[in-house]
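# everything below, folded, please.
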Amino acid sequence: MKPIAVPLQAELPFAAPRLAVVIPCYKVTSHIVDVIAQIGPEVSMIFAVDDKCPDGSGQFIEANIADPRLKVVYNSENKGVGGAVIAGYRAALEAGADVMVKVDGDGQMDPALIPDIARPVLMGHADYAKGNRFHSVWNVQQMPGVRLFGNAALSFLTKLSSGYWSLFDPTNGYTAIHAEALRQLELANINERYFFESDMLINLGNARAVVRDVPMKAVYGNETSHLKIRDIIGQFLTKNVKELMKRVLYTYFLRDFSLASAQLLFGAPLFAFGTIYGLWGWYESISTGSPASTGTVMLAVLPIILGFQLLLSFFGFDMANEPKTPLQASMPGYDRRLASRLVP
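Below you'll find the predicted structure:
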């Protein structure tokens, strides 16, 4: 890989933060050497996390890679991709990293994209940035059909549960996070298995962190996926519905009460009543063979229309309620960075 012509730090109008890369390692010995070799000079620290790998990924890395930036972290038990990443995050925070980029060790993520993924966070535009493989129509056409459908469905569920309506591709694990945002999260409460990426977005939404999508290409090689869709689809649906209910209750009834809260409070029961009453009337009409009266029809239709309009208004408010001020704005020096960016 050719070195980057212009270092990422040269684009920053302030003292360059320390950039770290976290790599969860589980059965990646055939790819990890190439992955680490392609990590550019803009990265100060690399943390490879051996997640109790049966292939001994940690020992393999220490025996075959001599990069001075590299440190191997060992999990005493297999915790899943989320548990490995969290272990890497903790190590990076202790080492003084300002921004942490998570890169998989199986070769699906091009290390050359590290500056692109990290840039919104480093420039102070976001607290968390993630890849989006759906940005390009051409790239979508190259994606396997099962992954395309699964990611589209999960994207909609995660929009509901996290409140980040402008984001897509929630299971994309190519991410960058600012240390200040990471400190705002209760890492012990974040799911450590395959729900990790979605749960990160949900917890970031609770913390009111600013999140941005970064267009990227997906890489599909000869790696073996350990993810079985049939085994997790029920978990994803259940967890997203549960988190949606918690988010709505906390955001619109405990943290604050607004016009949107009233819209939801009245809109949902009206829509539910109209739907149930209408179905009951329809069943009665079919059973008796007599058409429903005008009053019965109106008593079903009017609550449905009114409830639907109120719910549409609520969702419009919710979509506009995405966080807009980065958490790192509270850090000393943020205003100076912002002002310096305004200088031609």
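
# show me the shaky parts of the stretch 151-300 of the chain.
218-232 (pLDDT under 70).

# strands of that one, start to end?
Listed in chain order, the strands of the stretch 151-300 of the chain (DSSP state E, counting those that start in this stretch) span 175-178, 211-215.

# now the stretch 1-150 of the chain
19-25, 45-50, 70-74, 99-102, 128-132.

# in JSON lines: those strands, plus mean pLDDT, distance to residue 175 and mean neighbour count.
To be clear about C-beta, it is placed using only N, CA and C from the backbone, and glycine gets the same treatment. As requested, the strands of the stretch 1-150 of the chain are arranged in JSON lines below (pLDDT from 0 to 100; distance: least, CB to CB, whole Å; neighbours: other CB atoms under 10 Å):
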{"stretch": "strand 19-25", "mean pLDDT": "96", "distance to residue 175": "9", "mean neighbour count": "28"}
{"stretch": "strand 45-50", "mean pLDDT": "96", "distance to residue 175": "14", "mean neighbour count": "25"}
{"stretch": "strand 70-74", "mean pLDDT": "96", "distance to residue 175": "18", "mean neighbour count": "18"}
{"stretch": "strand 99-102", "mean pLDDT": "97", "distance to residue 175": "5", "mean neighbour count": "27"}
{"stretch": "strand 128-132", "mean pLDDT": "95", "distance to residue 175": "5", "mean neighbour count": "24"}
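
# out of these, flag the one nearest residue 256.
Residue 256 sits nearest to strand 128-132 of all those, at 22.8 Å, using CB to CB.

# could you dump the strands of the stretch 1-150 of the chain to CSV with distance to residue 212?
Output for those, formatted as CSV (distance: least, CB to CB, whole Å):
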stretch, distance to residue 212
strand 19-25, 17
strand 45-50, 23
strand 70-74, 28
strand 99-102, 13
strand 128-132, 5
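
# residue 281: which of those strands is closest?
With CB to CB as the criterion, residue 281 lies closest to strand 128-132 of these, at 45.2 Å.

# can you list the strands that that closest one pairs with?
Sheet pairing for strand 128-132, assigned by DSSP bridges, gives strand 175-178 (antiparallel), strand 211-215 (parallel).

# not counting that strand itself, show me its contacts.
109, 113, 117-121, 167-169, 172-178, 181, 197, 200, 204, 209-216 (CB atoms under 8 Å, 6 or more residues apart in numbering).

# can you flag the buried ones in these?
109, 113, 117-121, 167-169, 172-178, 181, 197, 200, 204, 209-214, 216 (16 or more other CB atoms under 10 Å).

# ranges for the helices of the stretch 201-344 of the chain?
Listed in chain order, the helices of the stretch 201-344 of the chain (DSSP state H, counting those that start in this stretch) span 229-249, 259-288, 294-320, 334-341.

# helices or strands up against the longest one?
Using 3 or more CB pairs under 8 Å, 6 or more residues apart in numbering; DSSP states H and E as the contact definition, the elements that helix 259-288 packs against are helix 294-320.

# buried set for the helix it packs on?
Quick answer for helix 294-320 (16+ other CB under 10 Å): 296, 299-300, 303-304, 307, 310-311, 313-315, 317-318.

# I figured residue 50 hits residue 74, correct?
Yes. If you go by CB atoms under 8 Å, residue 50 and residue 74 touch, sitting 4.9 Å apart.

# which neighbours do these two have in common?
With CB under 8 Å, 6+ apart as the test, residue 50 and residue 74 both reach residue 58.

# pLDDT weak spots in the stretch 1-150 of the chain?
Using pLDDT under 70, the flagged stretches of the stretch 1-150 of the chain are 1-16, 139-144, 146.

# try 50
Scanning the stretch 1-150 of the chain with the threshold set as pLDDT under 50 gives 1-6, 10, 13-14.

# could you pull out the helices for it?
Taking DSSP H, counting those that start in this stretch as the test, the helices found in the stretch 1-150 of the chain are 32-37, 57-64, 80-94, 114-122, 137-142, 145-162.
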